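J.: need coordinates for the following:
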Amino acid sequence: MPSWLTAYPGADEQTRRLGPLVESSYTAAAPPRGVLSHFRQLFATAGLPFQPSAAGNGFMIHAAPRECDLFIRIRRMDTGTAVQVTCTNGPGRDAAQRAREQGEESHRGRIDSMEKYDRPVYPQPKRPAPPMPPLAWPAWLLRIDGARLDVQKGIDGVRMQYLKSSFQCDLPRNDIQTYYADLLNSNGYPVYLRSLASTPKDRKAWVEGAQYLEGRAGRSQPKDSSASLPGAAGWRTERVQGWAAGG
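T.: Residues are numbered from 1 along each chain as shown. I've put the predicted structure just below:
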């Protein structure tokens with residue numbers, strides 16, 4: 001974690017490391033905009049561009065200082081503001097940065113597309129959808145120890161192509177789930193659904209995020225210890241899936 005990136009004054013910061021990722025989390029006794037101002041001052045002191053984006057009941061901040069790739073999530077809570085900071089460094093960092101930039105560009109495109117509701121809309125001739133990009137495993141989707149995965153190709157029951165991989169991991173299941181949730185968030189797939197930490201160990205645990213391309217929704221579902229990337233025919237998106245039994 002960069003030394004200049006300090007927690008909001010008075011907050012009890014909790015930090016942990018999972019493979020190439022360092023996560024810091026705390027609750028600040030201030031509204032989200034007050035916490036945002038705190039980070040704005042830190043970024044100005046470090047000489048970094050500060051480009052936050054609105055995210056539901058708070059803000060998201062992406063940055064790429066020399067130390068690591070940063071993803072900061074600020075969320076309004078009933079009492080105070082929850083802050084989560086992840087710092088990722090290791091193989092696939094450049095690819096992760098490109099993925100985040102593509103996600104941010106897609107987000108701006110969705111905002112711009114909403115302007116059409118401010119003026120009369122007349123029927124437009126339909127244009128054919130552009131071809132899907134080639135099916136490719138994302139460079140940032142690695143094992144929890146940073147090693148590359150052995151990827152296999154396949155075709156599912158509805159003739160959709162996919163890529164998949166699996167590996168064994170001795171870490172607690174909830175730690176694995178948290179690691180891949182943070183990995184999704186920091187690579188342009190914001191997590192919106194995940195299994196509870198109290199899920200029985202004899203059942204599969206999972207986490208689900210989404211990335212939007214050209215204003216249409218697709219899903220990304222890494223789950224604890226294996227992953228696949230099926231193509232989504234007819235959807236302008238990529239998917240990531242995985243699952244793990246108890247451990």
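J.: can you pull out the strands in this structure?
T.: For the chain, the strands defined by DSSP state E occupy 14-18, 21-28, 53-55, 58-63, 69-76, 81-88, 152-155, 161-166, 191-194, 207-213, 216-220, 226-228.
J.: list the contacts for the residue nearest in space to the middle of the chain?
T.: Taking Cα atoms, centre = their mean, the centroid of the chain lies closest to Asn185, which sits 1.6 Å from it. For Asn185, the contacting residues are Phe71, Arg73, Thr86, Val191, Gly209, by Cβ atoms under 8 Å, 6 or more residues apart in numbering. From N, CA and C alone the C-beta is placed, and that goes for glycine too.
J.: gap between it and Leu42?
T.: 20 Å (Cβ to Cβ, to the nearest Å).
J.: how does the protein divide into domains?
T.: The domain map for the chain lists 14-88, 135-228, with the assignment taken from automatic domain parsing.
J.: give me the neighbour count for the nearest residue to Thr79 once chain neighbours are set aside.
T.: In space, and not counting its chain neighbours, Thr79 is closest to Thr27: 7.6 Å by Cβ to Cβ, 6 or more residues apart in numbering. The number of residues packed near Thr27 is 17, by other Cβ atoms under 10 Å.
J.: for Thr27, which residues count as its bridge partners?
T.: Beta-bridge pairing for Thr27 (DSSP bridges): Ala82.
J.: then Gly58?
T.: Ala55, Arg75.
J.: ok, the residue nearest to Thr79 to Tyr122 distance?
T.: 49 Å.
J.: got it, and Leu196?
T.: 48 Å.
J.: and these two? Which one has more around it.
T.: Leu196 (9 against 5).
J.: what does the pLDDT read for the more buried one?
T.: Note for Leu196: predicted pLDDT of 84.
J.: check Glu214 too.
T.: For Glu214, the predicted pLDDT is 54.
J.: again, but for Gln51
T.: Listed pLDDT for Gln51 reads 90.
J.: give me every residue that touches it.
T.: Ile61, His62, Ala63.
J.: isn't the first one up against Leu70?
T.: Yes - shown here, Ile61 and Leu70 form a contact pair, counting by Cβ atoms under 8 Å, at 7.2 Å.
J.: neighbours around Lys126, how many?
T.: Neighbours of Lys126 (other Cβ under 10 Å): 6.
J.: now do it against Met132, distance only.
T.: Counting by Cβ to Cβ, the gap from Lys126 to Met132 is 18 Å.
J.: do the same with Tyr26
T.: Taken as Cβ to Cβ, the span from Tyr26 to Met132 is 41 Å.
J.: who's more crowded, those two?
T.: Set Tyr26 next to Met132 and count neighbours by other Cβ under 10 Å: Tyr26 wins out with 19 against 15.
J.: before we move on, the earlier item: can you tell me which of the contacts of Asn185 has the most neighbours?
T.: Top of those by neighbour count (other Cβ under 10 Å): Phe71, with 25 neighbours.
J.: the residue lying closest to that one once chain neighbours are set aside and Leu21, how far apart?
T.: Closest residue in space to Phe71, ignoring its immediate chain neighbours: Ser186 at 4.0 Å, by Cβ to Cβ, 6+ apart. From Ser186 across to Leu21, the span is 8 Å (Cβ to Cβ).
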